[in-house]
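Student: sequence? don't have it. structure:
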């Protein structure tokens, strides 16, 4: 509420801004230079003052409908037109179209003798004429300090400069005044005393043989502005101030997954791959297969019909295509279809900001869904580490903002620790795959594990990483008493295990057979004993039967004898009772 | 006094001396300011003393003809330009310093000409 209430008030106070049209500068200054007021652009020789001023003028004339006047104190119109033609500005044409007026003011001390009192009315008249000739809204004075070398009466010059800046304000033109950097001061002649609304300092430094241009808004009266030093570069499209987009953590996130191109890896990253728009770091020692992982990703992206931009800082595109074909990743068709674009350059070919800008520019024009940077570790050669980190931070932010999934490879040194990267980007990336070598029994094998992957339950297993003619294969490593085994050691161990398994199996079978045999024997004995018993039982029954028959016969005989002897009658009664 | 005559003033001496060079001088002013008036008076005096009969003064008022300022690279006002004899010389200021004016016009050797 408070901010929205403050903004229109600032407008009321006359803080209207004139957009410079220079990429990045308007972001830093919050909309451009103070409209209707002079801005001082200072810096040492060759830092780009004139070009910045000229671009401000040309963009104003071509893009914002504000004609301009360029008053050159140092270069002739011909030289100037030639110098800015490299930026794609056609001054002659703009002059013909009455969009820009050019006036060359030559101040040559050897030709001038001073004899008495004077003022700079001649300059005012020329400037006024030029402004009226095109209806200028913007004015550039480049470099007005030349007056001090041509005319010796500093008191008059200072008074006249003060009058000039007031006059420019009264005219309502947005002016850019350039000034040469002085010792301990922003400008040699202290122009900052007169131009107090906005001061921009340009700098051109060389560190480790790599030059970097930087821009800083020293002062912007009545307006918030970025206070950092921002790298900028000059190329065929004019000046670009980094960052093109400001740093932020406001990017949208996606739940969508992007396959890695390696099925087993998709499984390891439970859910089917990287998150769309995430940044993936593949780090590892030399020859551990980083580029191959990146190529799989690129190949998979193109197979889905997505555009992929491949920044190669180590190998030429032809070499990458050939090498990846050997592991079954044929990238050539995608190049021909326009789905894959290689951008190969040596990292130390130019400074970091140039790399960043070229990446920005390509990403902007090509609009890819996937980006590969192979490797980022080389970029730290182009500048110092802090700069490389800052640049990568900006790059990662930019790619995230555009929801581009990025795979970056990074060479790590085993000596300095594997879980550390040169450019200190580990905290910036979302997924970190670590490739490492395992040296064992005279062999060097590759292994991979997921060091981290934000927002997904990923596997914690080390997998052996095989480069086959069909691509990358991930297999389980042997984990046993002897530790992690890979390669032929793993194969030997597996064979050993298989033999042991067979042996155990055979033993079990033998045991089983023995058991069966013994059971059979037991059964046989049981049968025999039963047979024997049955025989005995038979015999016993037979004997019992005979005995019983004999007893009956005896009884009968006895009764018959009784009858014949006329014995007592009790006997039959006894018989009937029983 | 000569406010009126000064605009596009052209003064020629009919008696051009055959032995001396002819001097063509141009004085740039911007309106009838005290400095401009003083410059013209001082110049006239010097010419009468040193270049009698072989000089011409052309006064250009940039308020009226602003487009002429760029041609002779006029910045300071007043500026005296020696068109002839060559080389071209510029003297800025109201010319009250006669010494410097003479040096500037090469009518007197100065340190710079050494």
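Tutor: Perfect, I can see it now. It should be emphasised that the depicted structure is a prediction, and the values quoted were computed from it without experimental measurement.

Student: Which residue is the nearest non-sequential neighbour of whichever residue of the stretch 1-150 of chain A sits closest to chain B?
Tutor: Chain B sits closest to residue A:113 of the stretch 1-150 of chain A, with a gap of 2.9 Å, by Cβ to the nearest Cβ. Heads up, the C-betas are built off the backbone N, CA and C, glycines and all. Distance criterion Cβ to Cβ, 6 or more residues apart in numbering or on different chains; nearest residue to residue A:113, sequence neighbours excluded, is residue B:104 at 2.9 Å.

Student: do the same with residue A:56
Tutor: Once chain neighbours are set aside, the closest to residue A:56 by Cβ to Cβ, 6+ apart is residue A:20, at 4.9 Å.

Student: before we move on, what about residue A:117?
Tutor: Residue A:117 sits nearest to residue B:94 (Cβ to Cβ, 6+ apart), 4.8 Å away.

Student: average pLDDT across stretch A:531-545?
Tutor: Stretch A:531-545 comes out with an average pLDDT of 93.

Student: circling back: list the contacts of the residue of the stretch 1-150 of chain A closest to chain B.
Tutor: Residue A:113 makes contact with B:89, B:90, B:91, B:92, B:100, B:101, B:103, B:104, B:112 under the criterion Cβ atoms under 8 Å, 6 or more residues apart in numbering or on different chains.

Student: How about the contacts made by the first one?
Tutor: With contacts defined as Cβ under 8 Å, 6+ apart, the neighbours of residue B:89 are A:111, A:113, B:81, B:82, B:104, B:105, B:106.

Student: and the fourth one, how many neighbours?
Tutor: Using other Cβ atoms under 10 Å in any protein chain shown as the criterion, residue B:82 is surrounded by 21 other residues.

Student: My understanding was that it contacts residue B:22; is that so?
Tutor: No. Look at residue B:82 against residue B:22 with Cβ atoms under 8 Å: they stay out of range, at 11.5 Å.

Student: re the thing from before, regarding the residue of the stretch 1-150 of chain A closest to chain B, which helix or strand does it belong to?
Tutor: Element membership for residue A:113 (DSSP states H and E) is strand A:112-114.

Student: partners of that strand, with directions?
Tutor: If you go by DSSP bridges, strand A:112-114 pairs up with strand B:89-92 (parallel).

Student: State the mean pLDDT of the strand it pairs with.
Tutor: Mean pLDDT, computed over strand B:89-92, is 88.

Student: Just after it, pick out the following helix or strand.
Tutor: From strand B:89-92, the next helix or strand downstream (DSSP H and E) is helix B:98-104.

Student: Which elements pack onto that next one?
Tutor: With contacts defined as 3 or more Cβ pairs under 8 Å, 6 or more residues apart in numbering or on different chains; DSSP states H and E, the packing partners of helix B:98-104 are strand A:112-114, helix B:34-50, strand B:89-92.

Student: which element follows the first one toward the C-terminus?
Tutor: It stands for strand A:112-114. Using DSSP H and E, the first helix or strand after strand A:112-114 is helix A:121-134.

Student: residues of that next one that come out buried?
Tutor: Across helix A:121-134, burial judged by 16 or more other Cβ atoms under 10 Å in any protein chain shown covers A:121, A:122, A:123, A:124, A:125, A:126, A:127, A:129, A:130, A:131, A:134.

Student: now what about stretch A:122-132, what contacts it?
Tutor: Among residues not part of stretch A:122-132, those counted as contacts by Cβ under 8 Å, 6+ apart are A:69, A:71, A:101-103, A:105, A:136, A:139, A:160, A:164, A:167, A:171, A:173, B:28, B:30, B:62-63, B:66-67, B:69-70, B:74-77, B:79.

Student: and stretch B:23-39, how far out from the chain's middle?
Tutor: A distance of 7 Å separates the C-alpha centroid of stretch B:23-39 from that of its chain, computed with Cα atoms, centre = their mean, to the nearest Å.

Student: Just the buried ones from the contacts of residue B:89?
Tutor: So, by 16+ other Cβ under 10 Å, the buried ones in these are A:111, A:113, B:81, B:82, B:104, B:105.

Student: contacting residues around whatever residue of chain B ends up closest to chain A?
Tutor: Proximity of chain B to chain A (Cβ to the nearest Cβ) peaks at residue B:104, 2.9 Å away. Going by Cβ under 8 Å, 6+ apart, residue B:104 touches A:113, A:115, B:80, B:89, B:90, B:91, B:110.

Student: Sort out which of the contacts of stretch A:122-132 are in strands and list them.
Tutor: Among the contacts of stretch A:122-132, the members found in strands (DSSP state E) are A:69, A:71, A:101, A:102, A:103, A:139, B:28, B:79.

Student: Am I right that the third one is in contact with residue A:133?
Tutor: Yes. At 5.2 Å, residue A:101 counts as touching residue A:133 under the criterion of Cβ under 8 Å.

Student: Any residues of chain B in contact with chain A? List them.
Tutor: Taking Cβ under 8 Å from any Cβ of the partner chain as the criterion, chain B approaches chain A at residues B:28, B:30, B:35, B:38-39, B:42, B:62-63, B:66-67, B:69-70, B:73-79, B:88-101, B:103-104, B:112.

Student: If we use 7 Å, what do you get?
Tutor: B:28, B:30, B:35, B:62, B:66-67, B:69-70, B:73-79, B:89-97, B:100-101, B:103-104 (Cβ under 7 Å from any Cβ of the partner chain).

Student: Of the residues you listed, grab the buried ones for PyMOL.
Tutor: PyMOL command restricting the residues of chain B next to chain A to the buried ones, with burial defined by 16+ other Cβ under 10 Å:
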select buried, chain B and resi 28+30+35+62+66+69+70+73+74+75+76+77+78+79+89+90+91+92+93+94+95+97+100+101+103+104
